[in-house]
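>>> Have a look at this fold, sequence not included:
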């Protein structure tokens with residue numbers, strides 16, 4: 001996962017942590033998730049409270065008259081907010097994730113170092129790969145994504161449309177280890193590609209995302225990964241084979257309205273985004289209903305009545321709460337030994353026609369891998385159903401033959417409640433099949449989860465926790481085996497062990 005920008009965190013009064021974390025023990029977060037970021041939550045419209053009268057003269061307040069227009073806008077607005085969640089969420093994600101390339105499309109941003117506890121703006125980053133990402137604009141012409149030959153390590157470039165639906169992959173699983181050139185284009189484009197360029201399945205939207213991950217063996221391996229990242233290239237079709245040519249301009253990436261300054265910001269952002277990315281024609285009836293509230297491309301929220309605006313302001317607040325609480329309560333997740341599997345349809349939510357699920361995926365992690373590429377399980381409770389606490393000691397015992405079966409790699413990563421990696425004396429943030437753990441005598445594997453060293457003989461298997469307070473862990477399985485894909489693999493319990501008796 002990738003951390004959000006500090007600007008993004010400051011801009012919004014309510015974060016994913018505030019919305020989601022209170023229910024973590026009950027549900028866990030199903031981030032499959034590439035990237036979990038704080039997202040814009042709406043601020044309720046201000047109210048004015050009358051001064052209190054003396055006690056003796058107080059009378060029962062007169063109920064406010066029922067405003068059916070406000071109630072109707074609120075009820076329909078909740079439905080609109082969930083259906084249109086990508087148009088609310090993606091503009092902010094696009095703005096924050098292009099800040100290091102001057103908010104321009106068709107340019108890679110590369111993360112150059114493995115994440116550490118020094119980074120404290122959340123996002124539950126992994127400690128296994130370096131990220132490479134780009135926002136693509138492909139309405140006018142395709143772009144060609146070029147990759148070098150990569151045979152000595154796992155890598156993947158996940159291609160995602162504006163709805164949050166994966167439409168293509170380039171990488172170890174999808175296209176193999178040879179160098180290649182791949183065309184990304186919007187649905188409906190017709191034209192001829194240069195020789196040696198392979199067409200990927202089209203994006204359903206003119207805006208698309210590349211979320212890339214390149215595996216890192218250890219700190220000494222970083223320079224090798226940097227050299228590979230530098231060979232990930234994006235070239236507009238019109239510039240192919242023209243060294244030094246100036247790329248065609250793309251639409252400006254605009255900053256969404258700050259909801260802290262405007263309770264109708266969500267709807268204004270949605271309306272503007274709808275002029276860039278049209279909704280599915282199959283949903284024309286929904287859009288016709290929403291239009292009566294001033295929601296749609298070219299519509300003006302400010303022109304609506306005070307009643308409608310009050311209802312929509314409330315709908316944006318409660319619509320966001322519904323999405324968060326659906327995650328909190330384990331909606332669509334599968335609990336196995338306290339670990340939570342994400343929904344099996346994660347990565348391509350629109351096909352389910354479940355708009356709440358599509359919104360949940362965005363709030364839970366921006367974009368999400370197809371399960372065939374990676375499955376992330378998360379846990380925040382022990383075998384007794386109690387929260388994981390840094391002052392306790394735990395073991396994760398994999399029985400012989402019961403390790404996660406993967407074709408790439410697996411890891412368990414430690415996070416604090418703010419979704420940051422945890423500072424510790426040995427600067428270890430994850431353990432897995434690349435970290436040199438020592439098997440048990442019977443062929444099993446025990447991971448020691450605690451704040452202090454379990455002893456020199458066990459330290460290779462030590463995953464340090466916070467000194468105190470709650471924590472959570474993600475188990476990432478890249479290129480998972482069939483049992484994980486089918487959610488038939490049983491992850492081990494997190495067992496608390498009693499403190500050693502005082503001497």
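Now that the structure is in, tell me what you want to look at. This structure is a prediction, so every number in the text was calculated from the model and none was measured.

>>> what's the weakest-modelled helix or strand in the protein?
Least confident element among the helices and strands of the chain, by mean pLDDT, DSSP states H and E: helix 24-27 (a mean of 34).

>>> tell me the mean pLDDT for stretch 317-331?
Predicted confidence along stretch 317-331 averages 91 (mean pLDDT).

>>> which of the residues in that stretch are buried?
In terms of neighbour count (16 or more other C-beta atoms under 10 Å), stretch 317-331 has its buried residues at 317, 319-320, 322-324, 326-328. (Glycine included, C-beta is placed from N, CA and C.)

>>> and if you look at stretch 205-219?
Taking 16+ other C-beta under 10 Å as the neighbour-count basis, stretch 205-219 is seen to contain the buried residues 205-216.

>>> repeat for stretch 329-346
Neighbour-count burial for stretch 329-346 flags 332-333, 336, 338-343, 345-346 (criterion: 16+ other C-beta under 10 Å).

>>> Switch the buried residues of stretch 205-219 over to TSV; also include pLDDT and secondary structure.
Compiled in TSV, those are given as follows (pLDDT from 0 to 100; DSSP: H, G, I helix; E, B strand; the rest coil):
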residue	pLDDT	secondary structure
205	98	coil
206	98	coil
207	98	strand
208	98	strand
209	98	strand
210	98	strand
211	97	strand
212	97	strand
213	97	strand
214	98	strand
215	98	strand
216	96	coil
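
>>> where does the stretch 401-503 of the chain have low pLDDT?
499-503 (pLDDT under 70).

>>> Where do the strands of it begin and end?
Listed from the start of the chain, the stretch 401-503 of the chain has strands (DSSP state E, counting those that start in this stretch) covering 406-415, 430-432, 445-450, 462-464, 472-480, 494-497.

>>> looking at the ones you listed, which is closest to residue 82?
Among these, strand 472-480 comes nearest to residue 82, with 26.4 Å by C-beta to C-beta.

>>> and for the closest one, what are the contacting residues?
Residues external to strand 472-480 that are found in contact with it (C-beta atoms under 8 Å, 6 or more residues apart in numbering): 24, 28-29, 31, 124, 126, 128, 154, 172-173, 339, 371-380, 388, 404-415, 417, 432, 449, 463, 484, 491.

>>> for stretch 448-467, same thing?
With contact meaning C-beta under 8 Å, 6+ apart, stretch 448-467 is reached by 388, 390-396, 412, 414, 416, 422, 424-426, 428, 430-431, 435-438, 445-447, 468, 471, 473, 494.

>>> Filter those down to the buried ones.
388, 390, 392-396, 412, 414, 416, 422, 424, 428, 430-431, 435, 437, 445-447, 471, 473, 494.

>>> what's the pLDDT at residue 247?
In this model, residue 247 is scored at 72, pLDDT.

>>> ditto for the one 5 residues further on
The confidence metric pLDDT takes the value 93 at residue 252.

>>> average pLDDT for stretch 170-187?
The average pLDDT within stretch 170-187 is 98.

>>> before we move on, back to that, a markdown table for the strands of the stretch 401-503 of the chain, including distance to residue 88?
As requested, the strands of the stretch 401-503 of the chain are exported to a markdown table (distance: least, C-beta to C-beta, whole Å):
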| stretch | distance to residue 88 |
| --- | --- |
| strand 406-415 | 26 |
| strand 430-432 | 33 |
| strand 445-450 | 38 |
| strand 462-464 | 37 |
| strand 472-480 | 26 |
| strand 494-497 | 36 |
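
>>> Next up, phi/psi of the residue positioned nearest the centre of the chain, please.
By C-alpha atoms, centre = their mean, the chain has its centre lying nearest to residue 365, at 1.5 Å. Recorded main-chain torsions at residue 365 are phi -180, psi 20, according to degrees, to the nearest 10.

>>> pLDDT score for it?
Residue 365 carries a pLDDT score of 82 in this model.

>>> Same check on residue 19?
We note a pLDDT of 38 for residue 19 in this prediction.

>>> roughly how far apart are the residue nearest to the centre of the chain and residue 474?
Shown here: residue 365 relative to residue 474, a distance of 11 Å by C-beta to C-beta, to the nearest Å.

>>> One more: residue 179?
Using C-beta to C-beta, residue 179 is found at 32 Å from residue 474.

>>> between those two, which one's more packed in?
residue 474 (24 against 11; other C-beta atoms under 10 Å).

>>> count of neighbours near residue 73?
With other C-beta under 10 Å as criterion, residue 73 counts 27.

>>> Tell me which other helices or strands whichever strand or helix holds it touches.
Under DSSP states H and E, the secondary-structure element containing residue 73 is helix 68-83. Judged by 3 or more C-beta pairs under 8 Å, 6 or more residues apart in numbering; DSSP states H and E, the packing partners of helix 68-83 are helix 284-291, helix 306-328, helix 355-365.
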